[in-house]
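Participant: return atomic coordinates for the entry below.
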Amino acid sequence: MRAIIRAMNVDKSLLCNFFAQVFCYAGLINENDNTIEPIINSKKIMDEIGNHTVYSDFYMALSKAIDFEYKAPFARFRILDKLTEKRVVTVKSEAGNWYECILFPNGEKKALLLIEEVNPVYATFLKEGQKKIENTNAVIHDLFKHNFAFAFIVYPKTDKVIYYVFNGEKELVEVKEDRKWSRAYGDYVATLHPDDRQYFYEATHYGDFSEMKEGDSIDVVFRSTILHNRYRWYRGLITARVVKNEKHDPELGVINLVSDITNEISEKERLQTKSETDALTGLYNRTHMDDRIEAWQNSEDPCTVIFMDINGLKQTNDTMGHEEGDRLIKGVTSGMKVFSDEGFEVYRYGGDEFLALAEKKEKEEVEALIKSYLDILRETGFENRVAYGVISDRPKKELRLMIHDADSEMYKCKKCMKGNKIG
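Facilitator: Okay, the predicted model is just below:
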C-alpha cells in the first residue's frame, strides 16, 4: 500500500482510474482542518451517506448508515491522532451492503481512507456466518467459483486442518488427510517468499489462532510457490466462524480463503512504476526523489550523492530539434546502469539533471564508478557530454542540502569542461 500512498503525487486522473478499479470510495483526510478530499466517490456510497468534504460529517453519516452491530468496530476510524499503522474493519450497511474500510497513515495528521465493496459471494459468507454456517462445503464451493485458489479450515481447539482444492475441473473437493495444523503451518510457510515470511508470521500470529474469537478476521497478502513452481501473489482472508466439524458438532473454526491476485498485483506494480519513473529514460523521477528525501529526513546514516548534468542539451534542442535532444538524453543515461548495478538509485532530477544516490560509498569506489561511466560515454560517442559533482559521508537527513552542494561541485566541473565548447 505504500505504493498507493506514493501514487498520491501523480496525476489525479491516473490515480482515480486505478482506485476506481478496486475501491468504491477513496479520500484524503486532513485532521488539521477536519477535511476529507474525495478521490473516488461512487454512486452507491453517495446514495448511502451523501457527499461530504468535512471528515466529521462524513464519519457521522457513514456511521449512521452502518448496521448497529458494526458501529463499535467502526468507531476506531473516528480518532486519527497517533495513527501509525493501517486499520481495517469489515462492516455491513443498513441497506445490506458489505464493505471493507481501510485507513492508512499518510504523514502527520493525515490519512488515506479506502472503502472496498466486498465480493458479493464473500458477503454472503459473512452474512451466513452470523447465523452459524450449517453447510460449510457449499459456502466455500461458491467462493471457489469466484477465483479463490484454495481453502482450508483450522480447528484451533483440536489442532485439526481440513483442506479444499480444485480437482482440475473447477470442482472443489475435500482432501482426506489426517494432519495437524501445527505441522501443516510449517510446511505452508516454507513455500513463502523469504521477504514475506516474517510479515506472514506476525500477521497470522505464528499460526496460533487459539485466541481468535468469532468474527475476528485477518487479511494477508503474500508470495508463495504452494500451487506453482514459481512465486505467485496470494491474498488470504482468514475469518473465525462457528462451523460444523467432522463430527457435525458446532466448533469455532478459522476459515482460510486464499485467492490468486498475481494479475491484480502486476497491474498495481505497473501503475506504481508509471508513477515513479521517467517515461523517456526509465530512471526514477522527481516524485520518487522527494519521497526519498522525506523518508530520510530523520536519519543520521551517511549517504553518497552524485549530481550529473548534460552539457549542451538546450543548444542541441535549439539547433537540431528535440528528437536529437531526446537521443542525447537516452545516450548519456543508458550508461548510468553502472551506478544502479552497484546499489545506487538513479533519478532524472530535472530536464538535463540526474542524481545517483546510495548508502555511503568509499571515495575510491565512487571514483572507479565515475571512471567506468565516463569510459562508456567516450566509447558511445558522448564524451564530454556530462559534468558531475560528488558529496559523500554526510547524514541522510541532510540530503536536500547535499544535493545543493553536489550541484555546486558539478558547476565547478562544468566550468573546467568549457574548453570543449559544449557547456
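Participant: burial measure for Asn32, as a count.
Facilitator: The tally of other residues near Asn32 (other Cβ atoms under 10 Å) stands at 9. Just so you know, the C-beta spots here come from the backbone N, C-alpha and C atoms, and that holds for glycine as well.
Participant: how about Met320?
Facilitator: Met320 has 12 neighbours, counted by other Cβ under 10 Å.
Participant: quick one, phi/psi of it?
Facilitator: phi -120, psi -10 (degrees, to the nearest 10).
Participant: hey, what's Glu37 bridged with?
Facilitator: Going by DSSP bridges, Glu37 is paired in beta bridges with Leu28.
Participant: wait, it touches Tyr25, no?
Facilitator: No: taking Cβ atoms under 8 Å as the definition, Glu37 is not a contact partner of Tyr25, at 11.9 Å.
Participant: which of these two has more neighbours?
Facilitator: The neighbour count for Glu37 versus Tyr25, taken as other Cβ under 10 Å, is higher for Tyr25 (23 against 11).
Participant: which residue is the nearest non-sequential neighbour of the more buried one?
Facilitator: Ile115 (3.9 Å; Cβ to Cβ, 6 or more residues apart in numbering).
Participant: which other residues reach the host helix or strand of that neighbour?
Facilitator: Ile115 is part of strand 110-117 when elements are defined by DSSP states H and E. Strand 110-117 has contacts (Cβ atoms under 8 Å, 6 or more residues apart in numbering) with 4-5, 8, 19, 22-32, 36, 44-45, 77, 80, 83, 97-106.
Participant: mind listing the strands it pairs with, and their directions?
Facilitator: The pairing partners recorded for strand 110-117 under DSSP bridges are strand 25-30 (antiparallel), strand 98-105 (antiparallel).
Participant: what's the mean pLDDT across it?
Facilitator: Average pLDDT, strand 110-117: 85.
Participant: likewise for stretch 84-103?
Facilitator: Computed over stretch 84-103, the average pLDDT equals 80.
Participant: in that stretch, what's buried?
Facilitator: 87, 89-93, 97-103 (16 or more other Cβ atoms under 10 Å).
Participant: now the terminal residues of that stretch, how far apart.
Facilitator: 10 Å (Cα to Cα, to the nearest Å).
Participant: distance from that stretch to the middle of the chain?
Facilitator: Chain-centre distance of stretch 84-103: 19 Å, with Cα atoms, centre = their mean, to the nearest Å.
Participant: and the pLDDT at Glu276?
Facilitator: For Glu276, the model assigns a pLDDT of 71.
Participant: for the closest residue to it other than its chain neighbours, helix, strand, or coil?
Facilitator: Closest residue to Glu276 in three dimensions, ignoring its sequence neighbours and counting by Cβ to Cβ, 6+ apart: His288, at 4.4 Å. Here His288 is recorded as helix under DSSP: H, G, I helix; E, B strand; the rest coil.
Participant: okay, His288: pLDDT?
Facilitator: 81.
Participant: so it makes contact with Val346?
Facilitator: No: using Cβ under 8 Å as the test, His288 is too far from Val346 to be in contact (10.5 Å).
Participant: so how far is Asn106 from Thr53?
Facilitator: 17 Å (Cβ to Cβ, to the nearest Å).
Participant: compare those two (neighbour count), which wins?
Facilitator: Taking neighbours as other Cβ under 10 Å, Thr53 and Asn106 compare with Asn106 leading, 19 against 12.
Participant: coming back round to it: and the residue nearest to Tyr25, bridged to which residues?
Facilitator: Tyr25, Cys101.
Participant: what's the neighbour count on it?
Facilitator: 22.
Participant: quick one: the strands in the stretch 1-150 of the chain, in order.
Facilitator: Here the stretch 1-150 of the chain has its strands, by DSSP state E, counting those that start in this stretch, at 25-30, 35-41, 87-92, 98-105, 110-117, 148-155.
Participant: turn those into CSV, including distance to Tyr388.
Facilitator: Putting the strands of the stretch 1-150 of the chain into CSV (distance: least, Cβ to Cβ, whole Å) gives the following:
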stretch, distance to Tyr388
strand 25-30, 39
strand 35-41, 40
strand 87-92, 46
strand 98-105, 38
strand 110-117, 37
strand 148-155, 50
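Participant: which among these is found nearest to Gly236?
Facilitator: strand 148-155 (9.7 Å; Cβ to Cβ).
Participant: and that closest one, what's its mean pLDDT?
Facilitator: pLDDT averaged over strand 148-155 gives 74.
Participant: need the strands paired with strand 110-117 in JSON lines (columns: distance to Ala279).
Facilitator: As requested, these are exported to JSON lines (distance: least, Cβ to Cβ, whole Å):
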{"stretch": "strand 25-30", "distance to Ala279": "25"}
{"stretch": "strand 98-105", "distance to Ala279": "28"}
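Participant: count of neighbours near Asp291?
Facilitator: By other Cβ under 10 Å, neighbour count at Asp291 equals 16.
Participant: hmm, back to that, which among the strands of the stretch 1-150 of the chain is found nearest to Asp216?
Facilitator: That would be strand 87-92 among the strands of the stretch 1-150 of the chain, by Cβ to Cβ, at 10.7 Å.
Participant: alpha carbons of that closest one, as PDB, please.
Facilitator: Coordinates of the C-alpha atoms in strand 87-92 are reproduced here as PDB (Å, rounded to 0.1, in the frame of the first residue of the first chain):
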ATOM      1  CA  ARG A  87      -6.800  -0.100  10.400                       C
ATOM      2  CA  VAL A  88      -9.200  -2.500   8.700                       C
ATOM      3  CA  VAL A  89     -12.800  -3.300   9.500                       C
ATOM      4  CA  THR A  90     -15.500  -5.100   7.600                       C
ATOM      5  CA  VAL A  91     -19.000  -3.700   8.100                       C
ATOM      6  CA  LYS A  92     -22.500  -4.100   6.800                       C
END
